[in-house]
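# Sequence plus the predicted model coming up.
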Amino acid sequence: MAMMIKGDMMCLSSSEMIIPVIFLALFLFFELQDLGIGIMAPFVAKSDEEYEAVRKLLRPGIDGNELWLFLGLFLIGQMSMQKDSYPTMFYLVAAVAAVSLFLRASVVYICPKKMETSVARIVSIVSFITLAFIGLFLFSIGNASAGLLTASGIFGTLWLLTGSIQLGAVYGAFKSVNPLAERWRALSLVVLLVSMICFLIWAIIEIVSLSNLMADNYSLWIMVFISFAFSVISFTVIRLRLVGRGLLASYVLLLSELVLFVFISTIYGIITHTLDGNSILMMMEFYPINVWMVVIGIWTFIVFVWKIWRKKINYLWNDHI
């Protein structure tokens, strides 16, 4: 897809510029589900048995998804033309993601079988802070001078937060049994509407901002329309209790939204000259980036497939409600 930019007449087909942003998008695609489950666990589970079921939903805990984030941050740090303003933020984002990973892995492998309410609340708070912090950072890529707390950054982060909750909820509905599954399903319907509103506001802000800099932004509007169409499909099939198809539609919806995020972030990096595409070629020659891509890709894909195909999580319901 070629998008011509006024003035410099650069084309977005530059693979060097888009590679690290794709890595960040892959992290979001694979990880939002677990973060959403972690955020809503204390609000959905109503008994010890249901807390245990939610804990099992977080397995395997260590899935390699954060490696996409670390790899993307590393490459963007090397490409950045504003190296004084980025490194500290990179370290903070990586540290927050690592803490969240350690906490959820501890809940899965170290904590006793019975997950306490207090532990679930800690996981919820940490997951929320992690995603909010990462979101504000990601939506400042290529436009660091504007700061983190912009209208675009706030609505983009709200989209990530609500999108992660929606995806985690529909996955919980698909992989658990009633009454927990029904609560997850109802939650996904409500949050899906809020998520789409936040996404549309973010997309409109970004595309309007780019309208004076791009010769053709029709393709961006087409991406927005495609995402909206998949949100309608997701809502419809989930409401009809076709949860498996709803999960598939939700994955496709997230993928379409992340494609728009990748293109917009890369365009900003080109226009503002905050990203240098030439440096990434040298970095990929100096470091075994291709090897890491293959290893991380195989690892995360296998875990993703396992999560989709594993059996439903049953639990004994003793009419606590």
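Great, that's in hand. Numbers count the residues shown, from 1 in each chain.

# show me what contacts Phe23?
By CB atoms under 8 Å, 6 or more residues apart in numbering, Phe23 lies in contact with 68-69, 71-72, 75. To be clear about C-beta, it is placed using only N, CA and C from the backbone, and glycine gets the same treatment.

# Helix, strand, or coil at it?
With DSSP: H, G, I helix; E, B strand; the rest coil as the basis, Phe23 sits in helix.

# Spatially nearest residue to it, not counting backbone neighbours?
Gly72 (3.4 Å; CB to CB, 6 or more residues apart in numbering).

# before we move on, the earlier item: from the contacts of Phe23, which land in strands?
In strands, judged by DSSP state E, none of the contacts of Phe23 are found.

# Adding pLDDT and distance to Glu49, write these out as a markdown table.
Output for the contacts of Phe23, formatted as a markdown table (pLDDT from 0 to 100; distance: CB to CB, whole Å):
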| residue | pLDDT | distance to Glu49 |
| --- | --- | --- |
| Trp68 | 93 | 34 |
| Leu69 | 92 | 33 |
| Leu71 | 88 | 39 |
| Gly72 | 87 | 39 |
| Leu75 | 81 | 44 |
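
# List just the nearest of those to Ile165.
Leu69 (19.3 Å; CB to CB).

# Verify the contact between the closest one and Ala25 for me.
No. Between Leu69 and Ala25 there is no contact under CB atoms under 8 Å: 10.3 Å.

# end-to-end on stretch 55-72?
Terminal residues of stretch 55-72 are spaced 29 Å apart (CA to CA, to the nearest Å).

# And the contacts of it?
Contacting residues not belonging to stretch 55-72 are listed as 20-24, 26-27, 30-31, 34, 37-38, 93-94, 97-98, 101, 104-105, 107-109, 111, 115, 134, 171-172, 175-176, 289, 292-293, 296, 299-300, 303-304, 306, 313 [CB under 8 Å, 6+ apart].

# what distance separates that stretch from the centre of its chain?
12 Å (CA atoms, centre = their mean, to the nearest Å).

# Now do the buried residues in it.
Going by neighbour count (16 or more other CB atoms under 10 Å), the buried part of stretch 55-72 is 55-59, 61, 63-72.

# What are the boundaries of the helices in the protein?
Taking DSSP state H, the helices of the chain run over residues 15-44, 48-57, 65-79, 87-109, 117-138, 151-175, 180-210, 218-239, 243-271, 277-286, 289-309.

# buried set for the first one?
Right, the one you point to is helix 15-44. By neighbour count on 16+ other CB under 10 Å, the buried set for helix 15-44 is 16-42, 44.

# Repeat that for the fifth one.
Along helix 117-138, the positions that meet the burial threshold by neighbour count (16+ other CB under 10 Å) are 119-120, 123-124, 126-128, 130-138.

# Can you spell out which helices and strands pack onto it?
Helices and strands touching helix 117-138, as assessed by 3 or more CB pairs under 8 Å, 6 or more residues apart in numbering; DSSP states H and E, comprise helix 15-44, helix 48-57, helix 87-109, helix 151-175.

# Now tabulate those helices in JSON lines and tack on mean pLDDT and distance to Met196.
Compiled in JSON lines, the helices and strands packed on helix 117-138 are given as follows (pLDDT from 0 to 100; distance: least, CB to CB, whole Å):
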{"stretch": "helix 15-44", "mean pLDDT": "89", "distance to Met196": "15"}
{"stretch": "helix 48-57", "mean pLDDT": "87", "distance to Met196": "24"}
{"stretch": "helix 87-109", "mean pLDDT": "84", "distance to Met196": "25"}
{"stretch": "helix 151-175", "mean pLDDT": "94", "distance to Met196": "8"}
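
# Same list, the ones you listed, but as CSV with distance to Leu187 please.
Below are these laid out as CSV (distance: least, CB to CB, whole Å):
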stretch, distance to Leu187
helix 15-44, 7
helix 48-57, 13
helix 87-109, 19
helix 151-175, 4
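
# Out of those, flag the one nearest Ser211.
Closest to Ser211 of those, according to CB to CB: helix 151-175, at 13.9 Å.

# the inter-axis angle of that closest one versus helix 117-138?
Here helix 151-175 runs at 140 degrees with respect to helix 117-138, directions being taken by axes from the mean of the first three to the mean of the last three CA atoms, to 10 degrees.

# OK, contacts around Gly36?
Contacts for Gly36 (CB under 8 Å, 6+ apart) come out as 163-169, 171.

# Please name the nearest non-neighbouring residue to it.
Distances taken as CB to CB, 6+ apart put Gly168 closest to Gly36, at 2.5 Å, once the chain neighbours are dropped.

# any weak-confidence spans in the stretch 201-321 of the chain?
Regions of the stretch 201-321 of the chain meeting the criterion pLDDT under 70 cover residues 212-216, 268-287, 317-321.

# ok, for Leu149, nearest residue in space, not its chain neighbours?
Leaving aside its chain neighbours, Leu149 sits nearest to Leu136 (7.2 Å; criterion: CB to CB, 6+ apart).
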